[in-house]
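Enquirer: How does the following fold in three dimensions:
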Amino acid sequence: MSSNLRDGYVFKVKYINFASYVVFTIAICGCCKDEDVHIAYGEDNRPAQTEWVMHRGNQALTGFAQGSLAIEFEVAWQFNGKSDIIASAVIQGDAVYVVDALDGNVYALNKATGKQIWITPLDCGIEATPLIIDAILYVGSENEYFYALDIETGNVVWQQKTSGKIMSGANWFLDIIDNQKYIICGSYDGTLYSFNAKHGDLHWTYETDNYINGTSAIHNGLIAFGGCDAIIHFVSAKTGKELGAIDTEDYIAGSGAIDDEAIYIGNYGNTFMKVNLETKKTDWTFKRNHEFYASPAIYKNMVVVACRDKNIYCLDKKTGEVLWLYHTRGKIDSSPVICDNKVISGSDDGRLYLIDLNSGKLIWQYELGHKIKASPAIVDGMIYIGTENGTFWAFKKK
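Expert: Predicted coordinates:
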């Protein structure tokens with residue numbers, strides 16, 4: 001089911017700024033064979049990513065995985081769940097943990113074979129990506145409960161009730177004063193919750209005026225997230241107190257990626273933006289004709305974001321200028337991941353794409369046959385991703 005033909009299009013964009021005008025050139029590369037694309041790849045010398053324990057791989061939600069990644073893959077194994085898989089998998093040790101969107105099953109699968117280790121039915125839909133910390137899996141559900149499960153047995157350790165369904169993935173932080181870990185999760189009741197990781201006691205709450213759908217990013221004690229109130233909220237992890245806010249003028253369903261300087265996030269007003277952490281003001285905006293739902297990935301001077309206009313964009317982090325775009329055949333809610341100077345993303349066209357980060361050219365693709373809403377997880381050079389028909393896929397180097 002793999003293909004050697006590039007079905008999408010690459011638009012390589014170069015901007016030359018003058019005093020009163022902008023000159024740009026566009027080179028369009030379509031329908032050429034992969035073997036005609038000559039790209040040299042240097043291996044990432046950092047240790048390979050050995051676990052993927054939360055949405056976007058880390059607390060800052062950067063969507064970046066360390067280590068080398070091949071240029072061609074084959075199926076290592078498949079697992080057939082009972083309903084759509086929307087959330088990203090989380091991976092630690094010898095197990096992969098997968099949730100399904102309709103029946104609310106949490107599966108532990110053998111990482112090498114895909115065989116089921118255990119299943120915990122929570123009898124509700126789960127679209128939130130889980131979090132693993134200290135051998136506990138944390139996940140929210142559509143029945144308004146937030147759960148903590150033992151990753152060895154699948155048994156519920158504790159649970160907490162909110163007043164709305166939970167679509168937001170969990171994040172966490174360590175309070176170095178009391179040496180306690182706390183879990184952060186948003187709910188459709190408009191509240192951001194902080195729970196004690198060990199026993200589930202409520203730590204603090206932060207109220208907004210509408211649903212919280214995306215996962216909160218955490219960096220240096222700062223929590224940043226967007227909500228369906230159209231506002232990007234900046235909150236103290238320690239106290240739950242507001243540290244600033246900015247109105248983006250349309251609701252935000254996805255998650256942002258954060259670094260030392262800014263949060264990068266899109267909204268349903270067809271705008272992707274960089275918001276400065278110090279000034280709480282917008283440094284630049286990037287506007288299209290469709291919504292931004294997928295979370296961005298950031299690496300060095302680049303930010304990669306997918307849009308529902310069927311395109312994957314690579315932008316300059318400093319200016320917001322388009323470095324390249326790659327066109328797929330379907331809208332994209334799957335959040336791209338960056339690894340070894342490559343971009344990995346799914347699309348509603350049912351394809352999994354591997355794209356060169358520097359040029360935007362297609363390296364490899366695979367037809368999975370069903371819409372891909374989930375985001376990829378990258379561990380030890382392998383790619384793990386689920387589809388809307390409930391199939392979970394693991395890919396290894398060919």
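Enquirer: Only C-alpha atoms from now on, for both contacts and neighbour counts.
Expert: Fine.
Enquirer: for the stretch 1-150 of the chain, which spans come out with low pLDDT?
Expert: Segments of the stretch 1-150 of the chain classed as low confidence (criterion: pLDDT under 70) are 1-45.
Enquirer: all helices in it, in order from the N-terminus.
Expert: Applying DSSP state H, counting those that start in this stretch to the stretch 1-150 of the chain gives no helices.
Enquirer: can you tell me which residues contact A87?
Expert: 98-101, 126-130, 373-375, 386 (CA atoms under 8 Å, 6 or more residues apart in numbering).
Enquirer: same thing with S334?
Expert: A294, S295, A306, S345, G346, S347, I372, K373, A374, S375, P376.
Enquirer: Tell me how far it lies from D260.
Expert: Computed as CA to CA, to the nearest Å, the S334 to D260 distance reads 25 Å.
Enquirer: And I166, by the same measure?
Expert: In terms of CA to CA, I166 sits 28 Å off from D260.
Enquirer: Comparing the two, which residue is more hemmed in?
Expert: More crowded of I166 and D260, by other CA atoms under 10 Å: I166, with 29 against 11.
Enquirer: What's the separation between the more buried one and Y211?
Expert: I166 is 9 Å from Y211, by CA to CA.
Enquirer: again, but for G221
Expert: Using CA to CA, G221 is found at 23 Å from Y211.
Enquirer: same thing with A237?
Expert: Noted for A237: a distance of 20 Å to Y211, by CA to CA.
Enquirer: which residue sits closest to Y293 in space, ignoring its chain neighbours?
Expert: Nearest residue to Y293, sequence neighbours excluded (CA to CA, 6 or more residues apart in numbering): G254, at 4.9 Å.
Enquirer: should've said A197
Expert: Nearest one to A197, counting by CA to CA, 6+ apart, is Y182 at 4.9 Å.
Enquirer: Who are the contact partners of that neighbour?
Expert: Counting by CA under 8 Å, 6+ apart, Y182 has contacts W172, F173, L174, D175, S194, F195, N196, A197, H203.
Enquirer: give me that answer again for 7 Å
Expert: By CA atoms under 7 Å, 6 or more residues apart in numbering, the contact list for Y182 reads W172, F173, L174, S194, F195, N196, A197.
Enquirer: Just the endpoints, please. Distance across stretch 174-181?
Expert: Terminal residues of stretch 174-181 are spaced 4 Å apart (CA to CA).
Enquirer: any residues touching that stretch, and which ones?
Expert: For stretch 174-181, contacts defined as CA under 7 Å, 6+ apart pick out W172, F173, Y182, N196, A197, K238.
Enquirer: do that again at 8 Å, thanks
Expert: Under CA under 8 Å, 6+ apart, the answer for stretch 174-181 is W172, F173, Y182, N196, A197, K198, K238.
Enquirer: The second one and I183 touch, don't they?
Expert: Going back to what we said before, that points to F173. Yes. F173 is within contact range of I183, at 6.8 Å (criterion: CA atoms under 8 Å).
Enquirer: And the strands in the stretch 1-150 of the chain?
Expert: Under the criterion DSSP state E, counting those that start in this stretch, strands of the stretch 1-150 of the chain are mapped to 2-3, 9-17, 22-30, 64-65, 73-80, 90-92, 95-99, 105-110, 116-121, 131-133, 136-140, 145-150.
Enquirer: and G221 and Y211? which has more neighbours close in?
Expert: Higher neighbour count among G221 and Y211: Y211, with 26 against 14, using other CA under 10 Å.
Enquirer: In three-state terms, label that one for me.
Expert: The local conformation at Y211, judged by DSSP: H, G, I helix; E, B strand; the rest coil, is coil.
Enquirer: Quick one: residues contacting it.
Expert: Contacts of Y211 (CA under 8 Å, 6+ apart): S187, Y188, D189, G190, T191, G227, C228, D229.
Enquirer: measure V53 to S375 for me?
Expert: For V53, the distance to S375 - CA to CA - is 13 Å.
Enquirer: again, but for L315
Expert: From L315 to S375 the distance is 20 Å (CA to CA).
Enquirer: Which one's more surrounded, these two?
Expert: Of the pair L315 and S375, S375 is the one with more neighbours under other CA under 10 Å, namely 29 against 20.
Enquirer: looking at it, the more buried one is touching S347, isn't it?
Expert: No. Judged on CA under 8 Å, S375 makes no contact with S347 at a distance of 9.6 Å.
Enquirer: got the contact list for the closest residue to G186 other than its chain neighbours?
Expert: Counting by CA to CA, 6+ apart, G186 lies nearest to L192, which is 4.3 Å off, once chain neighbours are set aside. By CA under 8 Å, 6+ apart, the contact set of L192 is I184, C185, G186, T205, Y206, E207, T208, I212.
Enquirer: Dihedrals phi and psi, L192?
Expert: Main-chain dihedrals, L192, degrees, to the nearest 10: phi -100, psi 130.
Enquirer: Distance check, it against H219.
Expert: 16 Å.
Enquirer: Spatially central residue in the protein, please.
Expert: R56 (4.0 Å; CA atoms, centre = their mean).
Enquirer: Give the burial count for the spatially closest residue to that one that is not a sequence neighbour, as a bare number.
Expert: Of all residues not flanking R56 in the chain, G63 sits nearest, at 4.4 Å (CA to CA, 6+ apart). Neighbours of G63 under the rule other CA under 10 Å: 28.
Enquirer: check contacts around G63.
Expert: Applying CA under 8 Å, 6+ apart, the residues near G63 are R56, G57, A257, P296, A297, I298, P336, V337, I338.
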